[in-house]
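**Q** here is my input, please return the structure:
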Amino acid sequence: MLPNINYNYNQNFIPQYQRGVYQAKGQFTYTNPPYQVMPMYMANPINPTLVNPKIAGEYSYLGTLQTPFGENIYTYMLKSGQRVAILPREGTTILKTFVDSGSMNETDRIRGISHFIEHNLFNGSEKLAPGQFFKDVTKMGASTNASTDYAQTDYYISSGIMNIKDFKQAAMMHADMILRPKFYNEMLEKEKGPVTSEISMINDDVTTVAANEVVRNLFQIDSKSENLVAGSIETVNNLNRDDVVDYWSKHYTPDSLYTVVVGDVNPNEAIEILAKEFRQDAKVRANDIRKETLTPIEKSVRIDLKTPISNSTNVIMGFAAPSSNNLKDSITLEALAVLLEGNSDSRLTKSLSQLNSYSYLSMQKVGLKKDDPQALFVQLNTPPQYEQKAIDAFYDAILDLSKNPPNEYEMSTIKSTLSKALAMNFESAENICETIGSGYLDGNLQDISQMQNIINSLTPNDIVNAAQKYLDLNKVSMAIVHPTSVSDEQILKNYQQSKFVKKQPKSAAASISFGSRKIDTTGIEEYRLKNNTHIALNNSDKSDVCYLNWRISAIQALPKNLAIPYVLTELLNKGSSIRTKEQMSMLTNSNGIDYTFDSNGFQILVNANCMAQNLDSTLDILNEIMYNPNFSQEDFEAAKTKIRSYFESIDKDGSDNMLVQLYPGYFGSAREILEGLDKMTLNDVIKHYSDMLNKGSSNFVVTAPFKKYPATKQSALQKISQSPVAFKDFTPKFTNIFKPNKSTKVILDSAELNQAQIYKTYSFKMSGNIKDDVKFELLNEILGGSPASRLFQELREKQKLAYRVSSQVQSFEDTGILTMFITSTTDDKAQNDIKYDNLQKCLDGFDTQVQKLLKEPVTQEELDSAKMQLKQRIAKQTELPSSETDLLSTNMTLPYGIKRIDEYVKAIDSITIEDVTQAANHIFKNKPTISILASPDTIENQMSYIESLGEVIHPA
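**A** Predicted structure coming up:
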C-alpha cells in the first residue's frame, strides 16, 4: 500500500525514514514484549451466588489469575472441556479462540489444510449463510481476522465499543463459525482462489522463503512440501470436502479450544453467554494425533538464494531455543537480545553500524509437543557482499560474552528495557489476550507475579549461560538472500572467509500467516507556555509509562533539496553538541528512555517514552538535542553514507512513484534523494533546521500518570517552557497545493513477481470541513475499507482475483487521495499459474465499483455499517496511551484542537446517503493515476491495454 500519509483520520503526514527491520511473515511476529507472560491460578474466587443456576452446570469456575499489574483474570472450564479466560477492563473488547493445532499436524499430502480451514470457517455455518459473518461483524463496527502458524490457529472479533447485546451477537457468530461450519462444496472451491493467491504472494518474497527453509533445516523436518504452513497451489487445489471435514473434526475438539475475552465485560454475564454459545458434547482429541517431530541439527547448514526484488542482502540464522514453557530461559534470551541489539549502544548494533547493517532477534514457537524447542532467529540486513562481515560480527559478539559478560551499565539497561516493555504490553487488550492464549497453549501457568522478579533477578552469568546453551555456532541453520546482481563467484569468495558455516545446495520454501468511546478531553489540561508552545497534559492510569509527542511545524521551511530532511533526521538522532551519541545512549538506556527525532521537511516530530520517575530526565534530553544539535562534519558525512546505502538498496514497490506524481516538490523519489545527497552541504542542513525553529510553531503532548504522581505536572510544564526560541503562533490552515488531474496517467514498472501490484488513485480538493472528511472516510469504508466492502466482496469473494484488495483515503494539506489497491497473480511460472489478463480484470473491477458509486446511491445498511466501522476505529485509537498521545498531537494542529475528535464523532451520525453520493461525485470527477508493478511478461502481454488507459510514465 501507499505509505500512510494520514494519521488515523486527520490531515497531517509525518513520513519517517524507515530504519526498522524487515519482518518475515509468520517468522518474526510475536507480542511486545516478545516473551509471553503465563499466569498462575490464585485463590480469589468470585461470588458463586452470581452464577446463573440455569446454566451453572455448563461450566466450572477454576480460579482467578492476576496480571503483573493486579488485573484479575477469571478462568473457567466448559462442560465440554473447553477452557475460557475473561479479563474485565475498560477499553477495546476482544473475543479470541486459540486452537491447539497448526501445520505441524499435517502430512505433505494435505499440507496447507489448517490454513485452508481457517479461511473456510468464515464461509458459512449453521446460523450464518456464506458471506453473512463479515457482513454482520461490519454492521457492529467490529473487526475480525484469523491466522495459521506452525503450532496454532486463532480467530478473533475485536470492537472498540461493545455493549452486552453486541457481545451476545459476537459470541454467537464466533462460536457458530468454529463449532458448526458447513463446508459447502461450492464455497470450498471458491476459497481456493484467495488461498492460492496468498501462496503466490508469499512465494514472491524470497526472504520469507528463506526463513521457512531455515526452520525446515534447523529441526530436520521431513517434508518435501514447498511451504511448511501454506503448502502449495497444487496441494490446496487437490483438497476435497472429506479431507477438510475429517481434519477439522479431529483437531477442533473442545479440549483443543481456548477462548479468551479481554475488555469491557462483566465476567459473570460473559461466561454464561459463552457457555451457552459454545455448548457441545465433550470430545477428547485422539492420543495418536500426528505431531511433527522436531530434531535439532547437530551440525551447521547453509543455503544461498537470490532475488531480483531486493538490492540488499538478508541473512537469517536459526538456533534451537528453549521450549515455550520455559519462561526463565525465554526471558533470559530476550535479555541477550537487548544486550546485542536492543538499542544504538548495544554490542552487536555498534559493530554492524560500521557496515551500514542492522540486526533483529526473535523467537517463534514451531512444535506442538510440550518440550519442543522454539526457534531463535537472528536476522542481519546488510549491503550487498557485506554479509560475511556481518555474520562474523555476530559470531564475535557471542564468543566475546564468556570473556566479557554484561557489565553493571548493560544489566541496568537490560532490566529497565524489559520492565518497561512488560508495562507497555499490558496496556493493550490485544497483547493481553495473546499473552493469556499463548499461556494456555504452552501449558505454562507459572506465577505471573514472578515475571518482574525474574527480570530483576537476572545476572550476567544467566545471560552468558543462555548464550552458550542456545547459540551454538556449530549448530546453526542459515539462509542468505542475495540480490541477483551479486555473482555466484563473489558469494563463494565471501563465504570462504567464514569459519563457522557450511555451504549447502539451494532450496526454497515459505511460511505465512493469514493473514465509540471518546478520549475524555475534559480531563486534559491545556497551556500556552512563555515560549509559545501549546501543551496538553493528558492523565493516564493504565501504567507508569509516560508518552511524549513534540511537533514543530513550518511548511514554509520546506527545502528544495528533499534529501535534507533525511540527513537532519539522522543528525538529530546522533546525540547533541554537549553529549556524543554514545554518552547519550548510556544515559537513556540505563534509565529506560526511548526517543526518536524525525524530520520530513515541514515538521520535526519527536516521540519519546519513559517511566514516570524518569520524565524530568527525558524532557531534559529532548531539550538538549533540539536546542543543541550535533552538526559535526564527520557525522554529516556518515549520515549521508547511511541514507545513500538505504536508498540504493530499497526494494521496488508499486507505490514508489505515486506520491512523487501526486505531490511534486513535497515527496522525493529514491533517485531524487540520491541526487540531493550529492549536492547538499552541512550548511544546507543547518539552514533548514534554523528555518524550522525560527518559522515553526510548537505543540507538545504528555500522557502520564499525573494523578498518581501530581508533582510531575508542574515539573513537565517548567521543563517544556525552557527554550531559547520563541515559537510562532499556529493558525490551522491548508497550503494550497491541489492541482486537478486532467488526464489519466499510468506509472509502469517491472520486476520478476508472481503477482502484479496495482494501484488506482484519485486526487481531490480538501475543504478542511470535518463533515467533508467524514463523508470521504465513510465512502472509503463502503468501497474497500473492510471485508464486507464492495471491492473485497466483488474482486476477492466473487471473482477470486486476489487475496488482498482494499481502498484507503489519505490527505496532505488541501489534497486528498483515494487509492484502490490489489495484488493479483499474473505470472507464477513455478506453479504453472499464468493469468496475464488478471491485470485488466482488476482495473476493470475498480472502474465498475467507481461507476456504481456514481450512478447508484449506497444502501442505508451499508452506510450504517460504515459508521460503526469508523466509530470503532476511533475508539480503538484511544485505547493505548501511545496512540492516544499521537492522536491528540495531530488534532492540536487542526481546527477544533484536542476537541476535534468529539466533533468528528458527532459528524459521523449526521452523514446521509446523499452526502456519500456527493463525496463520490467530488472524488471521482478527476482523472485517476494508476501505478502498476508486474513481471516483464505480464507487461508485454498487456501492453496494448495499458496504453489504452492513458499516458504511460516509466520511472527513472
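
**Q** only C-alpha atoms from now on, for both contacts and neighbour counts.
**A** Will do.

**Q** Gly367 touches Pro373, doesn't it?
**A** Yes - between Gly367 and Pro373 there is a contact under Cα atoms under 8 Å: 7.1 Å.

**Q** mutual contacts of these two, please.
**A** Counting by Cα atoms under 8 Å, 6 or more residues apart in numbering, the shared contacts of Gly367 and Pro373 are Leu294.

**Q** what's the neighbour count on Lys775?
**A** 25 (other Cα atoms under 10 Å).

**Q** who are the contact partners of it?
**A** Contacts of Lys775 (Cα under 8 Å, 6+ apart): Ile911, Asp915, Val916, Ala919.

**Q** distance of the third one relative to Val858?
**A** It stands for Val916. Val916 sits at a distance of 8 Å from Val858 (criterion: Cα to Cα, to the nearest Å).

**Q** what average pLDDT does whatever helix or strand Ala85 lives in get?
**A** With secondary structure defined by DSSP states H and E, Ala85 is part of strand 83-88. When pLDDT is averaged over strand 83-88, the result is 97.

**Q** swap in stretch 387-406?
**A** For stretch 387-406, the per-residue pLDDT averages 93.

**Q** ok, and the most crowded of the contacts of Lys775?
**A** Val916 (25 neighbours).

**Q** please identify which helix or strand holds it.
**A** helix 913-923.

**Q** can you check Gly193 too?
**A** helix 185-203.

**Q** what comes up buried for that helix?
**A** Buried residues in helix 185-203, defined by neighbour count with 16 or more other Cα atoms under 10 Å: 187-203.

**Q** which helices and strands does it pack with?
**A** helix 113-120, helix 206-218, helix 233-238, strand 815-825 (3 or more Cα pairs under 8 Å, 6 or more residues apart in numbering; DSSP states H and E).

**Q** so who does Asn532 touch?
**A** Neighbours of Asn532 in contact, by Cα under 8 Å, 6+ apart: Ser697, Ser698, Ala726, Phe727, Lys728, Asp729.

**Q** what's the closest non-adjacent residue to the third one?
**A** When you say that, I think you mean Ala726. Excluding the flanking residues, the one nearest Ala726 by Cα to Cα, 6 or more residues apart in numbering is Asn531, at 4.7 Å.

**Q** okay, now that neighbour: neighbour count?
**A** Asn531 has 16 nearby residues by other Cα under 10 Å.

**Q** state the pLDDT value of it.
**A** 93.

**Q** now Val301, nearest residue through space, not along the chain?
**A** Ser477 (4.9 Å).

**Q** just the helices in the stretch 51-200 of the chain please.
**A** Here the stretch 51-200 of the chain has its helices, by DSSP state H, counting those that start in this stretch, at 113-120, 132-140, 164-179, 185-203.

**Q** picking up where we left off before, part of a helix, is the residue nearest to Ala726?
**A** No - Asn531: not assigned to a helix; according to DSSP: H, G, I helix; E, B strand; the rest coil it is coil.

**Q** phi, psi of it?
**A** With angles defined as degrees, to the nearest 10, Asn531 sits at phi -90, psi 10.

**Q** correct me if wrong: it contacts Ser721.
**A** Yes - using Cα under 8 Å, Asn531 is in contact with Ser721, at 5.9 Å.
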